[in-house]
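Undergrad: pasting the sequence and the predicted coordinates here, then a few questions.
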There are 2 protein chains.
Amino acid sequence: MSAGEGLLARVVRILEVFGPEEPALRVTAIARRTGLHVATVSRLVEEMCRHGLLSRDDDRRVRIGVRLWELASRTSPTLGLREAAMPFLEGLHDVVGHHTQLGVLEGREALFVERLSVPGSVVNITRIAGRLPLHASSAGLVLLAWAAPELREQILAGPLERYTPHTPGTPGRLRAVLADVRRAGFALCPGYIDERATGIAAPVRDATGRVVAALGVVIPNDQHARTQVPAVRAAARGASRALGAHPR
Amino acid sequence: MSAGEGLLARVVRILEVFGPEEPALRVTAIARRTGLHVATVSRLVEEMCRHGLLSRDDDRRVRIGVRLWELASRTSPTLGLREAAMPFLEGLHDVVGHHTQLGVLEGREALFVERLSVPGSVVNITRIAGRLPLHASSAGLVLLAWAAPELREQILAGPLERYTPHTPGTPGRLRAVLADVRRAGFALCPGYIDERATGIAAPVRDATGRVVAALGVVIPNDQHARTQVPAVRAAARGASRALGAHPR
């Protein structure tokens, strides 16, 4: 590994320690979490602050810099998708309430790139730029149902963490759920991650017909949940049309 | 400059060449725009792709990576602000239509961190993660009106680009406009950037009373524009309350 390669790896390791629960950290905490020397972290943080990748509070705590957010967001690979989907997310949100969200496949998880919520909604563990496992979330199941067969086999090979007794926790059950999702054209997941919540998601396709995202809602887990399926499917179809997809 | 410092500067220079008009570029184009050697760019792009900071299309064009977007967004310094302001942006958007947006001060410009639009709205040159000058945009004037006096003097010292005959293009005119904004509690900017559009913006304050953002709309430049001022002010006050600001 060259010195240069080592540096970039260390920069990424520093960026990775910041999370929603810990948006601001002191240099010593960053050193502890990255396993890097305090002196190394101190020097790199200084340099990253100079370029706007990080910024420092008045109390010397370090955060992700606005400049980094700007560089990553102004040409974000998901910006076109988010802009096309937003009116449909908003319309769905107006009618269904609770949480409306848009997820994409990133690695072996669903990454949420937009979310609209109202205070007091049912529990929802996603957040913007948050992730959920493919086998347990409605968005993840939609993305997995239309993913490359190799990824599907990798996920089926486990481990398949059970969040509740309803989570598809065996390869056989997951395979059956995925077949249902493909046949029905949507995922309905009562209590898969939290007993109190039902996730519903449907695929968003681009002009080539490829599934590029899952659009859905998280609502209370009760007997009315299923009645929202048509609204979710219509919004996902609308977003697909906005991306140039043809009906089929 | 140490080798490490030089590398990070080059990485940032590469990230900076990607813009909304050019989200995907070949290595040769990146080299041309950064002034770096093709071999250097080729090696760095390779390394940045390995860490997910960049990604490569099937046709070898390079883009900002989803992983970089995720790292920058999940603890974005503006995420709390955006989440607090979103319901107010949405409510305003439902009633006023056209464009609703949220801008923060970044360097010597207004950086837009959220925008809701409907197709067919009046012209609006902002976009998410786009920037506008402080002296010419309604959001910029609000941010400048409550900015540190040093920044205000720097901007007043010019240059003050004129986009239309209505842009505040002299220090005297700009000083008067800023005094009006502070006194009135909002900025109303008919035709400052484009003759066809009026920007309206009002300050969003945090729990310490500091102005942290400007919330506003861009609507057609006609005799009805002024009637939207109370809706914009109410939304900005609401977002401030959501951030813990006290009325005053």
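TA: On my side now, so go ahead. Just so it is clear, the model here is predicted, and its values are computed rather than measured. Residues are numbered from 1 along each chain as shown, chains lettered A, B, ... in the order given.

Undergrad: can you tell me which helix in chain A is longest?
TA: helix A:79-96 (DSSP state H).

Undergrad: so residue A:40 is in which element?
TA: helix A:38-50 (DSSP states H and E).

Undergrad: residues of that helix that come out buried?
TA: Neighbour counts over helix A:38-50 (16 or more other CB atoms under 10 Å in any protein chain shown) mark A:41, A:44, A:45, A:47, A:48, A:49 as buried. C-betas here are computed from N, CA, C, even on glycine.

Undergrad: please look at the third one and residue A:62 and confirm they touch.
TA: Read that as residue A:45. Yes - here residue A:45 reaches residue A:62: they are 5.6 Å apart, a contact under CB atoms under 8 Å.

Undergrad: and for the two, which residues touch both?
TA: Common neighbours of residue A:45 and residue A:62 (criterion: CB atoms under 8 Å, 6 or more residues apart in numbering or on different chains): A:27, A:30, A:54, A:56.

Undergrad: how near is the first one to residue A:40?
TA: As defined by CB to CB, to the nearest Å, residue A:27 lies at a distance of 10 Å from residue A:40.

Undergrad: so which of the shared contacts of residue A:45 and residue A:62 comes closest to chain B?
TA: residue A:54 (10.0 Å; CB to the nearest CB).

Undergrad: that older thread, can I get the shared contacts of residue A:45 and residue A:62 in a markdown table including neighbour count and distance to chain B?
TA: What follows is the shared contacts of residue A:45 and residue A:62, written out as a markdown table (neighbours: other CB atoms under 10 Å in any protein chain shown; distance: CB to the nearest CB, whole Å):
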| residue | neighbour count | distance to chain B |
| --- | --- | --- |
| A:27 | 20 | 17 |
| A:30 | 23 | 13 |
| A:54 | 25 | 10 |
| A:56 | 17 | 11 |
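
Undergrad: strands - which of these land there?
TA: Those of the shared contacts of residue A:45 and residue A:62 mapping onto strands are A:54, A:56, per DSSP state E.

Undergrad: now the two most distant members of the shared contacts of residue A:45 and residue A:62.
TA: A:30 and A:56 (11.8 Å; CB to CB).

Undergrad: what touches both of those two?
TA: With CB under 8 Å, 6+ apart as the test, residue A:30 and residue A:56 both reach A:45, A:62.

Undergrad: any regions of chain A where pLDDT drops low?
TA: Scanning chain A for pLDDT under 70 picks out A:1-5, A:77, A:119-128, A:247-248.

Undergrad: again, only using 50
TA: For chain A, applying pLDDT under 50 flags the ranges A:1-5.

Undergrad: which residue ranges of it form strands?
TA: A:54-56, A:62-64, A:99-106, A:109-116, A:131-133, A:187-190, A:197-205, A:211-220.

Undergrad: any part of the last one near chain B?
TA: No - figure legend: strand A:211-220 not in contact with chain B (CB under 8 Å from any CB of the partner chain); closest approach 11.7 Å.

Undergrad: OK, contacts around residue A:53?
TA: Applying CB under 8 Å, 6+ apart, we find residue A:53 in contact with A:11, A:15, A:64, A:65, A:67, A:68, B:8, B:12.

Undergrad: residues touching the closest residue in space to residue A:26 that isn't next to it in sequence, list them.
TA: In space, and not counting its chain neighbours, residue A:26 is closest to residue A:61: 5.6 Å by CB to CB, 6 or more residues apart in numbering or on different chains. Residue A:61 makes contact with A:24, A:25, A:26 under the criterion CB under 8 Å, 6+ apart.

Undergrad: domain assignment for chain A?
TA: A:3-72, A:79-242 (automatic domain parsing).

Undergrad: of these, flag the one that's most buried.
TA: domain A:79-242 (a mean of 20; mean count of other CB atoms under 10 Å in any protein chain shown).

Undergrad: what about that one, start to end distance?
TA: Terminal residues of domain A:79-242 lie 14 Å apart, using CA to CA, to the nearest Å.

Undergrad: quick one: distance of it to the chain centre.
TA: 10 Å (CA atoms, centre = their mean, to the nearest Å).

Undergrad: residue A:144 and chain B: what is the separation?
TA: Distance, residue A:144 to chain B, using CB to the nearest CB, to the nearest Å: 17 Å.

Undergrad: chain neighbours aside, what residue packs nearest to residue A:222?
TA: residue A:198 (7.9 Å).

Undergrad: go on, residue A:163?
TA: Distance criterion CB to CB, 6+ apart; nearest residue to residue A:163, sequence neighbours excluded, is residue A:193 at 4.7 Å.

Undergrad: contacting residues for the one you found?
TA: By CB under 8 Å, 6+ apart, the neighbours of residue A:193 are A:125, A:132, A:136, A:137, A:163, A:164, A:167, A:199.

Undergrad: can you pick out the ones from those residues that are in helices?
TA: Going by DSSP H, the helices hold none of the contacts of residue A:193.

Undergrad: including distance to residue A:178, could these go into JSON lines?
TA: Converted to JSON lines, those look like this (distance: CB to CB, whole Å):
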{"residue": "A:125", "distance to residue A:178": "22"}
{"residue": "A:132", "distance to residue A:178": "16"}
{"residue": "A:136", "distance to residue A:178": "13"}
{"residue": "A:137", "distance to residue A:178": "13"}
{"residue": "A:163", "distance to residue A:178": "18"}
{"residue": "A:164", "distance to residue A:178": "19"}
{"residue": "A:167", "distance to residue A:178": "14"}
{"residue": "A:199", "distance to residue A:178": "15"}
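
Undergrad: out of those residues, who's nearest residue A:208?
TA: Distances from residue A:208 to the contacts of residue A:193, taken as CB to CB, are shortest for residue A:137 (24.8 Å).

Undergrad: quick check: the gap between that closest one and residue A:101.
TA: For residue A:137, the distance to residue A:101 - CB to CB - is 10 Å.

Undergrad: kindly report the same for residue A:230.
TA: Applying CB to CB to residue A:230 and residue A:101 gives a distance of 18 Å.

Undergrad: packing partners of the longest helix of chain A?
TA: strand A:99-106, strand A:109-116, strand A:211-220, helix A:229-242, helix B:79-96 (3 or more CB pairs under 8 Å, 6 or more residues apart in numbering or on different chains; DSSP states H and E).

Undergrad: let's have those in JSON lines, adding distance to residue B:180.
TA: Output for the helices and strands packed on helix A:79-96, formatted as JSON lines (distance: least, CB to CB, whole Å):
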{"stretch": "strand A:99-106", "distance to residue B:180": "39"}
{"stretch": "strand A:109-116", "distance to residue B:180": "35"}
{"stretch": "strand A:211-220", "distance to residue B:180": "44"}
{"stretch": "helix A:229-242", "distance to residue B:180": "40"}
{"stretch": "helix B:79-96", "distance to residue B:180": "22"}
